[in-house]
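S.K.: Return a 3D structure for these sequence lines:
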Amino acid sequence: MLASADVRADAPPHVAGVVARAGHVLAGRLGSRASADLVPEFCDWLPAVALGAALGLPYRRTEALRRWCRAGGPAPLPLPDALAVRARGAERATAYALASLLGTLLTRPAHLAAVRDEPALIDAVWAETLRHDPPAPYLVLRARERVRLPGGAVAAGERVLCLLGAAGRDPAGYPDPGRWDPYRAGPAPVPAHPWPDLGLLTVRYGLPPLLGVRGLALAPGFAPRAVGVRVRGPRRLLVRLGG
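M.R.: Presented below is the predicted three-dimensional model:
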């Protein structure tokens with residue numbers, strides 16, 4: 001099997017609680033505003049809070065963790081090199097995927113209303129976002145043991161380039177793969193995320209407060225646009241608030 005880190009979606013209660021509180025704080029700051037850019041004001045913060053809680057970092061160090069995830073340099077706490085690389089990748093992937101998810105929902109008011117009314121849909125919306133708009137279109141992994149594939153075999157220790165964006169658009173597994181559909185039936189998508197359970201936890205517990213902000217909608221004339229190659233997603237997400 002291929003090596004991966006694991007923070008379960010049903011992580012210890014304190015992690016979910018920290019993320020939920022952060023979602024309420026960030027949404028509360030936006031609630032009194034007439035406009036905002038959700039990328040720097042929400043999407044860049046919530047994943048850093050989740051990662052910090054999962055790593056046991058005090059909440060007051062979130063800003064240092066966020067800066068490190070964006071710019072590199074010395075980590076704000078001692079981490080093995082492999083975990084540090086994966087942690088930074090997970091935080092950035094969650095931030096970009098969260099921006100893609102919000103951009104998609106805000107361009108589809110009916111889906112946005114459905115998720116507001118039934119928060120349990122967030123898991124399906126997140127999975128479809130990772131399939132349709134993967135934040136990490138490819139991952140380089142190392143095989144822990146020999147793996148048989150349809151085109152041959154991968155020896156233990158070899159590096160593997162996994163084209164997750166292509167896998168999510170395979171029509172054999174996902175009919176009409178270009179259509180974004182959180183109600184889609186079929187196999188679970190390959191998680192285009194280096195730490196998928198942490199991403200799911202972040203969205204599941206941190207997103208509902210934002211979706212409940214009155215009048216949340218895209219700014220007039222603004223259309224979200226994903227950019228990037230190694231990590232891909234919107235860099236801006238301009239919204240109006242207050243209704």
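S.K.: distance from the centroid: which residue in the protein tops it?
M.R.: In the chain, the greatest distance from the average C-alpha position (C-alpha atoms, centre = their mean) is reached by Gly152, at 32.1 Å.
S.K.: Just list whatever residues bridge to that one.
M.R.: Note on Gly152: beta-bridge partners Leu149, judged by DSSP bridges.
S.K.: mind checking pLDDT for it?
M.R.: Per-residue confidence at Gly152 stands at 87 (pLDDT).
S.K.: likewise Ala99?
M.R.: Reading off the confidence values, Ala99 has pLDDT 97.
S.K.: hang on, isn't it packed against Val39?
M.R.: Yes - A contact is recorded between Ala99 and Val39 when judged using C-beta atoms under 8 Å, the distance being 5.3 Å. All C-beta atoms are positioned from the backbone trio N, CA, C, and that covers glycine.
S.K.: Comparing those two, which shows the higher neighbour count?
M.R.: Each of Ala99 and Val39 has its neighbours counted (other C-beta atoms under 10 Å); Ala99 has more, 25 against 21.
S.K.: Okay, buried residues for the one helix or strand in the chain whose mean pLDDT sits lowest please.
M.R.: Here the helix or strand of the chain ranked lowest by mean pLDDT, DSSP states H and E is strand 139-142, holding a mean of 82. Buried positions in strand 139-142, judged by neighbour count with 16 or more other C-beta atoms under 10 Å: 139, 141.
S.K.: how far does that strand sit from the chain's center?
M.R.: Once both centres are worked out by C-alpha atoms, centre = their mean, to the nearest Å, strand 139-142 turns out to sit 18 Å from its chain's centre.
S.K.: In PDB, list the C-alpha atoms belonging to it.
M.R.: Extracted C-alpha coordinates of strand 139-142, given in PDB (Å, rounded to 0.1, in the frame of the first residue of the first chain):
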ATOM      1  CA  LEU A 139       0.600  13.600  -5.700                       C
ATOM      2  CA  VAL A 140       4.000  11.900  -5.600                       C
ATOM      3  CA  LEU A 141       3.900   9.000  -3.200                       C
ATOM      4  CA  ARG A 142       6.300   6.200  -2.300                       C
END
